[in-house]
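**Student:** Based on what follows, work out the 3D shape:
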Amino acid sequence: MQLVINTYGSYLRKNGDCFLVKNEDKVFEVSAKKVDSITITTSAYLSTDALKMAIDNNIDVIFLDEFGDPYGRVWHSKLGSTVLIRRKQLEVSATEEGLEFAKEWVLRKVENQIDFLKRLKRPREDKAEKLEDSIKGLSDIKQKISSLKGTIDERRGNIMAIEGAAGKIYFDSLNYIMPERFKFDGRSRNPAKDEFNALLNYGYGVLYSLVEKACIIAGLDPYIGFLHTDNYNKKSLVFDLIEMFRILAEETVVYLFSGRKVKVEFFDKVKGGFTLNKEGRAVLIEALNRNLDETVRYRGRNIQKRNIIQFECHSIANKLIKETKDVGLGNI
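**Tutor:** Model (predicted):
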């Protein structure tokens, strides 16, 4: 389970083998064996004993800002695996094989977008024609991505441009099915210019922390990217890999709107846009966790969606050191 602390003045302490939590007016205990991660979204008191118990049990403690972006985490200091993986990661990132990795991740993102639009089209006969046009446009973009040859440095601009075109088609389609009150004009960040992007940005922030954790456990270096460039303190590989999993936040947010579960009271107005308040964060995180805990078929087995992130990172690490050639990921 994900333990979420989202109330100002809450505290987290150790009591035996359990975390003792005060969140709002509730005081309760949770066994450390039941906790996968602890997310803290506001000012809170933490004991060093609680942090040590989290580290001892491989539970990462993640701190999110008001926009849902992770700004820090507490995690053990051990490497996730052999240094060989990091060496190969650096070597491959500049080769034609590196481009194939990046293409696979972006293609999976577009395939997830196509699959989601198909699902949204079925119950919306009055909007089916527009959605079908978008599906065809994204299918054409898949072909363009697949045909790219060369190295990342030679094709980075091409992929970014094609990916941007896909994003415009996709988000225009999502806006098309939104309730009139919550329509939006493309993507916006920090702050979001509308309620849709405020929810989506926060959902992406939670996914960033899950992808970074999966990289560390698999022995991948979060800072050595393929498609995204290696700038100081930029977790480029996390930005690369999250592309395959953005759909988890997107479908969660869209279904909240289509299920009429989003209220204007979930948002606070700030200069230039909106942020998600405590009530809104609670609704989003609960819905996102339900989605992540859903069981799907993956490589012939039933597995929770959240665990696919870890399996994929291990698969990439294995590919880098040539232990397996299977890095395919079915649509989530």
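**Student:** how much space is there between the spatially closest residue to S139 that is not a sequence neighbour and S173?
**Tutor:** Among residues not flanking S139 along the chain, I114 sits closest, at 6.5 Å (Cβ to Cβ, 6 or more residues apart in numbering). Just so you know, the C-beta spots here come from the backbone N, C-alpha and C atoms, and that holds for glycine as well. Relative to S173, I114 is positioned 10 Å away (criterion: Cβ to Cβ, to the nearest Å).
**Student:** what's the answer for F274, then?
**Tutor:** Per Cβ to Cβ, F274 is found 22 Å from S173.
**Student:** Low-confidence bits of this protein, can you list those?
**Tutor:** 77-82, 230-233, 323-332 (pLDDT under 70).
**Student:** what about the helices in it?
**Tutor:** Using DSSP state H, the helices assigned to the chain run over residues 48-56, 83-92, 96-121, 128-146, 152-177, 195-218, 236-241, 246-258, 278-292, 305-320.
**Student:** separation between L207 and K34?
**Tutor:** For L207, the distance to K34 (Cβ to Cβ) stands at 22 Å.
**Student:** out of those two, which sits in the more crowded spot?
**Tutor:** L207 (23 against 10; other Cβ atoms under 10 Å).
**Student:** Show the contacting residues for that one.
**Tutor:** If you count contacts by Cβ atoms under 8 Å, 6 or more residues apart in numbering, L207 has them with 242, 245-246, 248-249.
**Student:** T39 now?
**Tutor:** 2-5, 62, 64, 206, 209, 285.
**Student:** partners of it in the sheet?
**Tutor:** V4, I62 (DSSP bridges).
**Student:** Against S188, how distant is it?
**Tutor:** 23 Å.
**Student:** swap in I308?
**Tutor:** Taking Cβ to Cβ as the measure, I308 falls 28 Å from S188.
**Student:** So which of those two has more stuff around it?
**Tutor:** Shown here are I308 and S188; by other Cβ under 10 Å, I308 has more neighbours (21 against 18).
**Student:** nearest spatial neighbour of that one, skipping sequence neighbours?
**Tutor:** If the residues on either side of it in the chain are set aside, I308 comes closest to Y298, at 5.5 Å by Cβ to Cβ, 6+ apart.
**Student:** and that neighbour, what are its bridge partners?
**Tutor:** R301.
**Student:** Could you report the neighbour count for it?
**Tutor:** Y298 has 17 neighbouring residues, counting by other Cβ under 10 Å.
**Student:** Many thanks, I have nothing further to ask.
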